[in-house]
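Asks: any chance you could fold what I've pasted below:
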Amino acid sequence: MSLSYHDIEQFIIREARFLDDREWDKWLECYHEDVTYWMPAWDDDDELTEDPQSEISLIYYPNKEGLEDRIYRIKTERSGASSMPEPRTTHFTSNLEILSQSDSEVKLRFNWLTKAYRYKQTAEFFGTSFYTLDITGEQPVIREKRMVLNNDCINQVLDVYHL
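Replies: Predicted structure coming up:
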C-alpha cells in the first residue's frame, strides 16, 4: 500500500478524533497487535530516557493487550487514574513530517496539543509524537508510537486520551 501525505494526515486526525469522541474500540483498531506505545520520561539532566525496560517511563505498553486493558478500565470505570467524569478533550495536530516510507511502513512525526476539561478546569498537554505505521494491510495501523511530553510538570495522572 502506498499512502499519500494527505492519507497519512487523515489517519492521524482520525485517531485523535476517536479519542475526543470516546470511540475507544475504533481507536484500538488503529493499532497493530505488536504495537509499542511509549512515553519516555525526562531525567534530571533534561534528557529523555531511552530504554523503557530499564528506565522510568511516563507510559509504556509493550503490546496492544496493554492498551486494550487500559480501555477496558476506562469503559468500566475501573481506573483510579480516570475517575468520572472523563475529561472532555480536543486534540490538535500540526507539523506532520514524513521521515521515511517504504512498501511496508511509514515513519512520521508531528506535534500535538491536547486541551482537556474536567471539574471546571482546563489543562493542556503538548509535545511531539513519532509513529511507525504498518501499511501492509487494507488500512494503516500503528506499530510504534513514541510520545514526547514537553510539559511534564503536571499535577495529575495522564491517560491515553490526553495524548
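Asks: all contacts plus neighbour counts: C-alpha atoms, from now on.
Replies: Fine.
Asks: could you list the buried residues of the helix or strand encompassing residue 65?
Replies: Using DSSP states H and E, residue 65 maps to helix 64-75. Using 16 or more other Cα atoms under 10 Å as the test for burial, helix 64-75 gives 64, 67, 70, 71, 74.
Asks: so who does the second one touch?
Replies: Translated: residue 67. 28, 61 (Cα atoms under 8 Å, 6 or more residues apart in numbering).
Asks: now the third one
Replies: Contacts of residue 70 were listed using Cα under 8 Å, 6+ apart, and none were found.
Asks: and it, how close does it get to residue 77?
Replies: Counting by Cα to Cα, to the nearest Å, the separation of residue 70 from residue 77 is 10 Å.
Asks: ok, back up a step: right, and the helix or strand after the helix holding residue 65?
Replies: strand 88-101.
Asks: so how far is the next helix or strand after that following strand from its chain's centroid?
Replies: Downstream of strand 88-101, the next assigned helix or strand under DSSP H and E is strand 105-118. Centroid separation for strand 105-118 versus its chain: 7 Å, with Cα atoms, centre = their mean, to the nearest Å.
Asks: what does stretch 27-35 give?
Replies: The answer for stretch 27-35 is 11 Å, by Cα atoms, centre = their mean.
Asks: hmm, residue 161 and residue 125 touching each other?
Replies: No: using Cα atoms under 8 Å, residue 125 makes no contact with residue 161, being 10.8 Å away.
Asks: neighbour count: those two, which is higher?
Replies: Each of residue 125 and residue 161 has its neighbours counted (other Cα atoms under 10 Å); residue 161 has more, 23 against 19.
Asks: so what does the more buried one have for phi and psi?
Replies: phi -80, psi -10 (degrees, to the nearest 10).
Asks: the lengthiest helix in the chain vs strand 88-101, what angle?
Replies: Secondary structure of the chain per DSSP state H: the longest helix is helix 5-20. Orientation check (axes from the mean of the first three to the mean of the last three Cα atoms, to 10 degrees): helix 5-20 against strand 88-101 gives 150 degrees.
Asks: which positions in helix 5-20 come out as buried?
Replies: 8, 9, 11, 12, 15, 16, 17, 18, 19, 20.
Asks: residue 91 touches residue 117, doesn't it?
Replies: No: using Cα under 8 Å, residue 91 is not in contact with residue 117, being 11.9 Å away.
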